[in-house]
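S.K.: Dropping a prediction and its sequence here:
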Amino acid sequence: PEEKPLSGRHLLVTSGPTHEPIDPVRYLANRSSGKQGHAIAAAAAAAGARVTLVSGPVTLPDPPGVAVVRVETAREMLEAVEAALPADIAVFAAAVADWRPAAFGDQKIKKGPEGPPPLALTENPDILATIARRTEGRPPLVVGFAAETTDVIAHARAKIARKGCDLIVANDVSAATGVMGGDRNSVHLIGRDGSLETWPTMGKDEVARRLVARLGQ
Ligand code: C5P
């Protein structure tokens, strides 16, 4: 059979938002569509990789030829990622909620005369940092994303050190760019060694193909 650039390699991708329940009918979420992460999974499968896509709640179809694990919360996403290891390459494109409601009641919170309930939050696990900092079974190539609205490159440089990943794909998601939920993306690739590459604005599918080609080198 034809040798493809990622043949024989296992690529793990996270994608989409997470939903963090407040009660059985309400949750905290964010505006991630999962388009970029799903496009990366599809491009990696097309490049011959065995692909596991751990996805939060999205309305996108499953990419062809990809094993999809659906999760809802950050904690479920971490569990699914750990279960999917080992991987040769891990790409963390999900917009994981930083916080979740500290208390989850199994009854719907009722409106009452005492006014709005307090919404106490607690920190979620950082999936990217947890995996990138593993001493055993760390994927040889760990890629993070940075969605920023200001000082995109400076924040991404700080993030690569803090998280312990090898590469950060940074994008400007301020509302005016239309990146969140849109079909196009403008990204910067930032390496551990401080290297910076800025790509022109292009479709998320094209960003995915180029990124996958890069990861296969
Ligand atoms: O810290 P920040 O959320 O900006 O970092 C973004 C990167 O970290 C993305 O790659 C995202 O998928 C990952 N991340 C994660 N788990 C979290 C928060 C972020 O994997 N709880």
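M.R.: Ah, there it is. Not measured: the values here are computed from a predicted model.
S.K.: Quick check: Gln107 touching Arg26?
M.R.: No - between Gln107 and Arg26 there is no contact under CB atoms under 8 Å: 11.8 Å. C-beta here means a position set from N, CA and C on the backbone, and glycine is covered the same way.
S.K.: next one: the lowest-mean-pLDDT helix or strand in the chain to chain centre, how far?
M.R.: Taking mean pLDDT, DSSP states H and E as the measure, the helix or strand of the chain with the lowest value is strand 184-185, at a mean of 88. Mean C-alpha position of strand 184-185 versus that of the full chain (CA atoms, centre = their mean, to the nearest Å) differs by 16 Å.
S.K.: go on, stretch 104-113?
M.R.: From the chain centre to the centre of stretch 104-113 is a distance of 31 Å (CA atoms, centre = their mean).
S.K.: tell me the mean pLDDT over it?
M.R.: Looking at stretch 104-113 alone, the average pLDDT works out to 90.
S.K.: And stretch 43-61, by the same measure?
M.R.: Average pLDDT, stretch 43-61: 98.
S.K.: if we can go back for a sec, Gln107 and Arg26: who's more crowded?
M.R.: More crowded of Gln107 and Arg26, by other CB atoms under 10 Å: Arg26, with 13 against 7.
S.K.: thought that one was touching Ile109?
M.R.: Yes - Arg26 lies in contact with Ile109 (CB under 8 Å); the separation is 7.5 Å.
S.K.: how about the helices of this structure, start to end?
M.R.: Here the chain has its helices, by DSSP state H, at 35-46, 74-84, 127-132, 152-163, 204-215.
S.K.: how close does the closest residue to Pro140 other than its chain neighbours get to Leu78?
M.R.: Of all residues not flanking Pro140 in the chain, Asp88 sits nearest, at 6.2 Å (CB to CB, 6 or more residues apart in numbering). Asp88 is 20 Å from Leu78, where distance means CB to CB, to the nearest Å.
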